[in-house]
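Colleague: just a sequence and a predicted model for now, questions to come.
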Amino acid sequence: MSEARRKASPPRRRKKHWALRVLGWLAALMFLGVIGAVAAFFIIYQTTKIPDPNKEFATNTTTVTYSSDSQPLGRFFEQNRHSVPLTQIPKHVQDAVIAAEDRTFWTNPGISPQGMVRAAWNIARGQQLQGGSTITQQYVKVMYLTQERTVSRKLQELFIATKLGRTHDKSSTLEGYLNTIYFGKGAYGISAAGDAYFKQPNPKLLTVQQAALLATVLNNPTLYDVEDPDPRTKKRIIERYHYVLDGMQQMGTISATQEAKYAKSLPSLNMKENKSRYAGPNGFLLDMARKELLQRGFTEDQISGGGLKVTTTFSYSQQKTMIKAALNKLPDKRDNLHVGMATVEPGTGRLLAMYGGPDYLKSQLNWATAKARPGSGFKPFALAAALEDGKSLYDIFQGDSPIKVQGQKLGNEFNRDYGDVTLLKATEQSINTAFYDLVDNQMDDGPNKVVNAAEAAGIPQTKALEDGRHNPSTVLGPDPYASAVDMAEAYATFAADGMYAPLHVISEVKGPDGKVLFTDKSLDKYKKQTIRQDVARQVNFALQDVVTDGTGTGAKALGRPVAGKTGTAGGVAVEDRAKDKACGGCMQGSATLTSWWTGYTPQMSTSVVYRAGKTGESNLDPYSSDKAFFGGNWPLQTWLAFMKPALEGAPEEAFPEANPDQVTDTTTPSYTPPTNTPTNTPSSTPPPSTPPPSTPPPSTPPPNTPTNTPTKTRPTKTKPTQPTNTPVIPLPTGGATTKPTSTPGTGGQ
């Protein structure tokens, strides 16, 4: 080839690497995608119309009914709202809300790009959508859309908020927001909020501190509930309050000096009285239903303005019957005397009726959910633990008094001797020394096993109960282990052949469109055989014996098969604790602090507890002519006044029979009735108004931390393990609880 021709040949092109070609195509596709997304955004933006405000906003109230779905129980919430123009809302009030909720409100386009990214990320991970993070978005959600949390609703919110931010004056948006947003306590808008928290409906008269506190609770009225006594809530409120003040200082609304001054303390509250919807004993039911809705994942917005249709488990007729019994079947002396009652349906966990006090508005302390000392009402769990441990109803235990437990002498009521008795007889007569012998001498790690059985039956796990794993007197329930609701639930497990069902008060929730959002059928998966069937039937057999021949003979007047257990817990009345401390504990066991009767049929499990004094820690004995305020007297009478009409017309059902081999006596115990046995005799009629004592007063168990050296050598204990059959999702039962001063208690009949 010639030199000229060689020079004329074009140079050979090097082919591009395949990776570069792929990157090129990807870049082109991404460019087209961005163009498409932008085009789609503008098309949707142009076609999006700002709808009319929700016409039903003022009436979109959640309704609550009894289980029949026809009788109304109450509403959440009537909207307390009074609109005021922005010109009547001072700048420091406006700025407090802006500092709390959206510090870029005056400059942002109505949406938060960061909030959009966060929402998209949560959607991708399948998590719950977050609400609008800007004031404009929150206003759109309240005024133009529904409270549902779906992807389509979230996209609508973003586009409407963007358009509203570009086409509407910011001042009008802020005015609408301040007049519609929920501040808690049934208050919608700044005027109603000032009235609810400070009895000041005129925003012009709100101080900087008051405005900052209202802006604090606005973020989450439940999380920042100013009436919640929990110190963790108080801590959250203070931290959020300081955050609001800091924002106001950065915005120039207040000076650094003013911020430091205002941050020293929260403003004093002047709360408006609760609305009448909570009046009377049924206010406790509404409060409990609201708390469970929150536990089920419904938001405060949904509950207060989502138009939900809530059906509870409460029976209208049985609730009326319970209120009548709790208000009328009482001792003549009633001042500062409190009754707590609850009824649970065995096998379902439905709370059918509850009495927490005469008027929720006067006191929010719910005596049906407040933890108390269960006394001998805890012995059935020791019985179940013993049977699980291989013991028999006819094993023999020491019934004489006293008995030595960890170096301490402990006795029966009046120091009575019963001789050697069977476990069945010990349960029937509630003999303390026999149960001490069972749990603390004859069972390895006995207190721990009692706690396991109690939690398996349905007693919620608490610190007091967990401490009982190491307490030799746990079997006599000397500490605040349970409430009336808890005891009714746990005994219902025995009634249901050992099948635990989670306690609940919400049967069904529907949205405003009628769509079912929750049904308690979804809880069926949590039902569990936590007590062996043969053990539960033996417990039922023994607790029926308590009614036929033991401390609860008055329950025979029900006229159908019934099982149950009395319980009293003694200690030192709150008024005498200073004197007891001065005398070195000379008054231990001098007062009856709680008195119980928990009885059940196959259809209903009902628990009644009596307490006295402002905190429930005063002496019950002056309220009865008995030697002590026995569970077999007034608690049983109140129980009977409810159960007889509640079961009227219901078919009589017998408990499933226990295995004959397990309930047949093959022993010859040396039990000899004491000469000073109580004089009451079984009767088929209800107890008289002032019956003779059916049970002796409580005896004194050891303090929680024995200091003496045990006289019995016990195997080395390993660290107690949690029960494998602990009931799942035990729900808080709501209401305030009292916390007794830690004193060595006594458990008795």
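Modeller: Perfect, I can see it now.

Colleague: grab the nearest non-local neighbour of Ala326.
Modeller: Tyr355 (4.3 Å; Cβ to Cβ, 6 or more residues apart in numbering). Backbone N, C-alpha and C define where each C-beta goes, glycine included.

Colleague: brain fart, Asn220
Modeller: Once flanking residues are discounted, Asn220 sits nearest to Glu300: 7.0 Å by Cβ to Cβ, 6+ apart.

Colleague: one more: Asp359?
Modeller: Closest to Asp359 by Cβ to Cβ, 6+ apart is Gly280, at 5.7 Å.

Colleague: element containing that neighbour, please.
Modeller: Gly280 is part of no helix or strand when elements are defined by DSSP states H and E.

Colleague: who are the contact partners of it?
Modeller: Neighbouring residues of Gly280 by Cβ atoms under 8 Å, 6 or more residues apart in numbering: 358-361.

Colleague: tell me the spacing between Met251 and Phe105.
Modeller: Separation of Met251 from Phe105 (Cβ to Cβ, to the nearest Å) stands at 10 Å.

Colleague: overlap in contacts, the two.
Modeller: Joint contacts of Met251 and Phe105 (Cβ under 8 Å, 6+ apart) are Ile98.

Colleague: quick one, which of these two is more surrounded?
Modeller: The neighbour comparison of Met251 against Phe105 (other Cβ atoms under 10 Å) goes to Phe105, with 21 against 15.

Colleague: make sure that one is indeed in a helix.
Modeller: No: counting by DSSP: H, G, I helix; E, B strand; the rest coil, Phe105 is located in no helix; its state is coil.

Colleague: pretty sure it sits against Ser171.
Modeller: No: Phe105 is beyond contact range of Ser171, at 10.6 Å (criterion: Cβ atoms under 8 Å).

Colleague: which neighbours do the two share?
Modeller: Common neighbours of Phe105 and Ser171 (Cβ under 8 Å, 6+ apart) do not exist.

Colleague: tell me which element Val64 is part of?
Modeller: Assigned by DSSP H and E, Val64 falls in strand 62-65.

Colleague: show residues contacting that strand.
Modeller: 71-77, 286, 289, 302-312.

Colleague: mind checking which of the residues you listed are in strands?
Modeller: Among the contacts of strand 62-65, DSSP state E puts 72-76, 309-312 in strands.

Colleague: which residues of the stretch 51-200 of the chain fall in helices?
Modeller: Along the stretch 51-200 of the chain, the stretches classed as helices by DSSP state H, counting those that start in this stretch are 91-101, 113-124, 135-143, 151-167, 170-180, 190-198.

Colleague: kindly report the same for the stretch 251-400 of the chain.
Modeller: Under DSSP H, counting those that start in this stretch, the stretch 251-400 of the chain gives helices at 256-262, 283-295, 300-305, 316-328, 379-388.

Colleague: now the closest residue to Val97 other than its chain neighbours: how far from Gly186?
Modeller: Leaving out its chain neighbours, the residue that sits closest to Val97 by Cβ to Cβ, 6+ apart is Ala215, at 4.9 Å. Ala215 sits at a distance of 18 Å from Gly186 (criterion: Cβ to Cβ).
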